[in-house]
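J.: I need the structure of the sequence given here:
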Amino acid sequence: MILISIVLFSQTTMAQKKIENFENNAFNWEDVAEKNKSATIQDGSLKLQVKKNNDPVIITTRFPLDIEYPFKITATFVVPELNNKKMFGFVYNWINEETYSRLELSENRYTVMKGGIIDSKGKIKLPKGKKQTITVTIENKVGKQIFKVNNVTVCETKQQLKSPYCGFFLISEDGKAQLMINEVVVEQVLDDE
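T.: Below is the predicted model:
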């Protein structure tokens, strides 16, 4: 008699979707309040302001994600004024003020910086006018990041992430600037093998 054992391995998939709409501070943001810059939650938005040239405001928090698995973060920005002297974007892989990465956007260009070094840059065409809504997505496929702006892929880079701390920044080369983030959506599928 031959006994055949069949072992079934099950795989559990858990999908997570976390939404920050800035009504209840779900991601635990801490205000930045300095003389020439600020980042605060106001009226259902995260509002970033700068009052001095080349003095960026950066705000980060621990995002609810596991960097060992693929994830997607989508942020909805409202930009009062678009030009090439005001840059804004997404901060990710934050370790400290010298060690982080970011996607920087202006009216017609993008730059991906890793630790202060340009990794990728190119042209982009954002809508002109005042109070433009811009949707930015970073999709991490564990070691590969795909950046989309208004549902159009602008670039891909490769980097092993070391930190779940992410956030936003604003900098101006011509005086005052402000930016609002209305919503952040974090999506992740965790496979348990």
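J.: from now on I want contacts and neighbour counts done on CA atoms only, so please keep to that.
T.: Will do.
J.: who are the packing partners of the lowest-mean-pLDDT helix or strand in the chain?
T.: Between all helices and strands in the chain, the lowest mean by mean pLDDT, DSSP states H and E belongs to strand 12-20, at a mean of 85. On a contact count with 3 or more CA pairs under 8 Å, 6 or more residues apart in numbering; DSSP states H and E, strand 12-20 meets strand 177-192.
J.: state the mean pLDDT of the very next helix or strand once past the least confident helix or strand of the chain.
T.: Using DSSP states H and E, the helix or strand that follows strand 12-20 towards the C-terminus is strand 32-34. Throughout strand 32-34, pLDDT has a mean value of 95.
J.: starting at the chain centroid, how far to strand 32-34?
T.: Offset of strand 32-34 from its chain centre (CA atoms, centre = their mean, to the nearest Å): 20 Å.
J.: now swap in stretch 104-122 and tell me
T.: Put simply, stretch 104-122 sits 13 Å off its chain's centre (CA atoms, centre = their mean).
J.: give me the phi and psi for the most centrally placed residue in the chain.
T.: Nearest to the centroid of the C-alpha atoms of the chain, with distances taken as CA atoms, centre = their mean, sits Phe90, at 3.6 Å. Backbone torsions for Phe90, taken as degrees, to the nearest 10, come to phi -110, psi 130.
J.: need the nearest residue in space to it, chain neighbours excluded.
T.: In space, and not counting its chain neighbours, Phe90 is closest to Phe168: 4.6 Å by CA to CA, 6 or more residues apart in numbering.
J.: is the one you found bridged to anything, and to what?
T.: Per DSSP bridges, the residues bridged to Phe168 are Ile59, Phe90.
J.: contacting residues for it?
T.: Counting by CA atoms under 8 Å, 6 or more residues apart in numbering, Phe168 touches Ile58, Ile59, Thr60, Phe88, Gly89, Phe90, Val91.
J.: so the last one touches Thr99, yeah?
T.: No. Distance between Val91 and Thr99: 10.7 Å, which falls outside the contact criterion (CA atoms under 8 Å).
J.: give me the buried positions along the helix or strand Phe147 falls within.
T.: Assigned by DSSP H and E, Phe147 falls within strand 144-149. Under the neighbour-count criterion of 16 or more other CA atoms under 10 Å, strand 144-149 has Gln145, Ile146, Phe147, Lys148, Val149 buried.
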